[in-house]
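Novice: Pasted the sequence and its predicted model underneath.
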Amino acid sequence: MNPKKQFTEGLITNNPVLVQQIGMCATMAITTTLFNGIGMGLSVLIILTCCNVVISAIRKFIPSEIRLAIFVVVIAGFVTIVDMLLQAFVPALSEALGVFIPLIVVNCIIIGRAEAFCQKNTVKDSFFDGIFQGIGYTCVLILMCVIRELLGAGRFGGGLIDVANGFRFTLDGTGAGIQIFPESYGASIMSLPFGGFLTLGFLIAAMQYTLKKSADRKAAKAEQEKEAEK
Amino acid sequence: MNNKILRLSLVLFAICAVVAGVLGVINALTAPVIDAQKQAKTAAAFASVLKADRFEQIEFSNPDFPTVQTVHKAEGVGYVVTSVFSGAQGNITLAVGVDNDNRCTGISVIEHSETSGLGANAASTGEVGVNFRAQFVGQDESIALANAGGSIDALTGATITSRAITEAVATSIRAVKSLA
């Protein structure tokens, strides 16, 4: 398996959210500010990579009857570690994401990758799988955050960018973001879970359309070549 | 058959034991930092609701005020009451400053899980949050939302978070009154 192919798979052709459609609950719930989106994306990326590596490393010792129980124990362990570290060192993020950090335990991205990928592949492949699936997940979160924050609150980069005290990045979630139009003009429905469903629906539709287009084009090309051979 | 069950249990037990051990170590490392964070946050909340140098916790266990958690006295200035009550999504922990005339001197949301962009604005450092909290300064126990005949403008149309906070402020003031 080559990392380059895994990269395109994670980001586009087998994107966890837009194609496999796993891990959607948190995706819709937390994508209200860029700060939350990046924080959640990176947390999932780290947990996913650690779990992938550990699970593929012990895959030969895991009896298949109890594999799900073992996956859950390993995942819960890493999630709790990340949760404690966030509470201690990035409290603003831990507060903003709230219950969604502990809920990564039951986020189907991680158990899905463990079941579908890590228990059949080497540690190295699983490591790259974790990184690239995590990046794919993070990209979708960022995209959703940007759309929802702009339409819902007229803002870009809430929590992350501080323009009041010169342009700088804040890591404690205090930045007010760049106000593009007044907050009261925003459709606050976009910052509610409903807006999450709406945004995700449109993104999935756009993704499926693009994938289908490119598949059709490939098929048409193959057909043409066949004709030419005749 | 029995052997197999035993083997499966042992494998699962071994993995659980390793994970538990690692978690124990991490917990020992992070627990003091997390505690310090929480204390600093509470101290900051107290300082923002009542201008005083020292806060001293006093005994408070009145069954009429089940939501009140702690009462701190600042000698000669007033009291800070923390209470935990239900908001729209989960519990809200609120610190309320009360002066010697039984008027609110300020409120600060310590913990909450309200809806982002709506009820969560009660705790935000943005303009909406600051203006919302400023309305409580100087209010007495008859405090009420504008739609209930009072003067507090709610954060949202649904008013769940705003009403819960308004009621908690009134309760805190009454709790301080009950001390006298």
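Specialist: On my side now, so go ahead. Note that this is a predicted model, so its numbers are computed, not measured.
Novice: what's the first-to-last distance across stretch B:110-128?
Specialist: Terminal residues of stretch B:110-128 lie 17 Å apart, using C-alpha to C-alpha, to the nearest Å.
Novice: can you check stretch B:147-154 too?
Specialist: Counting by C-alpha to C-alpha, the terminal residues of stretch B:147-154 are separated by 8 Å.
Novice: hmm, that stretch in reach of chain A?
Specialist: No - Stretch B:147-154 stays clear of chain A (C-beta under 8 Å from any C-beta of the partner chain), getting no nearer than 13.5 Å. C-beta here means a position set from N, CA and C on the backbone, and glycine is covered the same way.
Novice: Of all the residues in that stretch, which ones are buried?
Specialist: Going by neighbour count (16 or more other C-beta atoms under 10 Å in any protein chain shown), the buried part of stretch B:147-154 is B:I152, B:A154.
Novice: residues making contact with it?
Specialist: If you take C-beta atoms under 8 Å, 6 or more residues apart in numbering or on different chains as the criterion, stretch B:147-154 is touched by B:132, B:135-136, B:139, B:142-146, B:159, B:162-163, B:166.
Novice: what sits opposite the residue nearest the centre of chain B in the beta ladder?
Specialist: For chain B, the residue nearest the mean C-alpha position is B:T93 (1.5 Å; C-alpha atoms, centre = their mean). Beta-bridge partners for B:T93, by DSSP bridges, are B:V84, B:E111.
Novice: Tell me who's in contact with the residue nearest to the spatial centre of chain A.
Specialist: Nearest to the geometric centre of chain A sits A:Y137, at 2.0 Å (C-alpha atoms, centre = their mean). Applying C-beta under 8 Å, 6+ apart to A:Y137 gives the contacts A:P16, A:V17, A:G23, A:T27, A:G41, A:V44, A:L45, A:L48, A:I109.
Novice: same thing but 10 Å
Specialist: A:10-11, A:15-18, A:22-23, A:26-27, A:40-42, A:44-45, A:48, A:107, A:109 (C-beta atoms under 10 Å, 6 or more residues apart in numbering or on different chains).
Novice: now the residue lying closest to A:R168 once chain neighbours are set aside: how far from A:A96?
Specialist: Leaving aside its sequence neighbours, A:R168 sits nearest to A:D162 (C-beta to C-beta, 6 or more residues apart in numbering or on different chains; 5.4 Å). A:D162 sits 16 Å away from A:A96, going by C-beta to C-beta, to the nearest Å.
Novice: what's around the closest residue to A:A57 other than its chain neighbours, how many residues?
Specialist: Leaving aside its chain neighbours, A:A57 sits nearest to A:V123 (5.3 Å; criterion: C-beta to C-beta, 6+ apart). For A:V123, the neighbour count with other C-beta atoms under 10 Å in any protein chain shown is 15.
Novice: Likewise for B:L12?
Specialist: With other C-beta under 10 Å as criterion, B:L12 counts 16.
Novice: was I right about it contacting A:F71?
Specialist: No - B:L12 lies out of contact with A:F71 (C-beta atoms under 10 Å); the separation is 11.4 Å.
Novice: In the chain, where's the longest helix?
Specialist: Unless you meant another one, I'm taking chain A. Assignment by DSSP state H gives helix A:193-229 as the longest helix of chain A.
Novice: ah, I was thinking of chain B
Specialist: Max-length helix for chain B by DSSP H is helix B:2-49.
Novice: So is that helix next to chain A?
Specialist: Yes - using C-beta under 10 Å from any C-beta of the partner chain, helix B:2-49 reaches chain A at B:4-5, B:7-9, B:11-12, B:14-16, B:18-23, B:25-27, B:29-38, B:40-41.
Novice: For that helix, what does the pLDDT average out to?
Specialist: Averaging pLDDT along helix B:2-49 gives 90.
Novice: From the contact counts, what lies against the helix or strand following it?
Specialist: Once helix B:2-49 ends, the next helix or strand along the chain (criterion: DSSP states H and E) is strand B:56-58. Secondary-structure packing of strand B:56-58 (3 or more C-beta pairs under 10 Å, 6 or more residues apart in numbering or on different chains; DSSP states H and E): strand B:68-74.
Novice: circling back: same question for the longest helix of chain A: list its buried residues.
Specialist: Quick answer for helix A:193-229 (16+ other C-beta under 10 Å): A:G195, A:G196, A:L198, A:T199, A:L200, A:L203, A:I204, A:M207.
Novice: Let me see the contact set for the fifth one.
Specialist: Translated: A:L200. A:V17, A:L18, A:Q21, A:M24, A:T27, A:M28, A:T31, A:V140, A:M144, A:I147, A:R148.
Novice: What about chain B: which of these touch it?
Specialist: A:T31, A:R148.
Novice: Out of the contacts of A:L200, list just those in helices.
Specialist: Per DSSP H, the subset of the contacts of A:L200 in helices is A:M24, A:T27, A:M28, A:V140, A:M144, A:I147, A:R148.
Novice: which residues touch the third one?
Specialist: With C-beta under 10 Å, 6+ apart as the criterion, the residues that contact A:M28 are A:17, A:144, A:148, A:192-201.
Novice: picking up where we left off before, could you check the angle the longest helix of chain B makes with strand B:68-74?
Specialist: Counting by axes from the mean of the first three to the mean of the last three C-alpha atoms, to 10 degrees, helix B:2-49 lies at 40 degrees to strand B:68-74.
Novice: so B:A158 makes contact with B:G119?
Specialist: Yes - using C-beta under 10 Å, B:A158 makes contact with B:G119 at a distance of 8.4 Å.
Novice: Could I get the contacts of A:L200 in JSON lines, plus columns for pLDDT and distance to A:K221?
Specialist: As requested, the contacts of A:L200 are exported to JSON lines (pLDDT from 0 to 100; distance: C-beta to C-beta, whole Å):
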{"residue": "A:V17", "pLDDT": "86", "distance to A:K221": "29"}
{"residue": "A:L18", "pLDDT": "88", "distance to A:K221": "24"}
{"residue": "A:Q21", "pLDDT": "86", "distance to A:K221": "28"}
{"residue": "A:M24", "pLDDT": "85", "distance to A:K221": "34"}
{"residue": "A:T27", "pLDDT": "87", "distance to A:K221": "34"}
{"residue": "A:M28", "pLDDT": "86", "distance to A:K221": "37"}
{"residue": "A:T31", "pLDDT": "86", "distance to A:K221": "37"}
{"residue": "A:V140", "pLDDT": "93", "distance to A:K221": "29"}
{"residue": "A:M144", "pLDDT": "93", "distance to A:K221": "33"}
{"residue": "A:I147", "pLDDT": "92", "distance to A:K221": "33"}
{"residue": "A:R148", "pLDDT": "91", "distance to A:K221": "38"}
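Novice: Alright, calling it a day.
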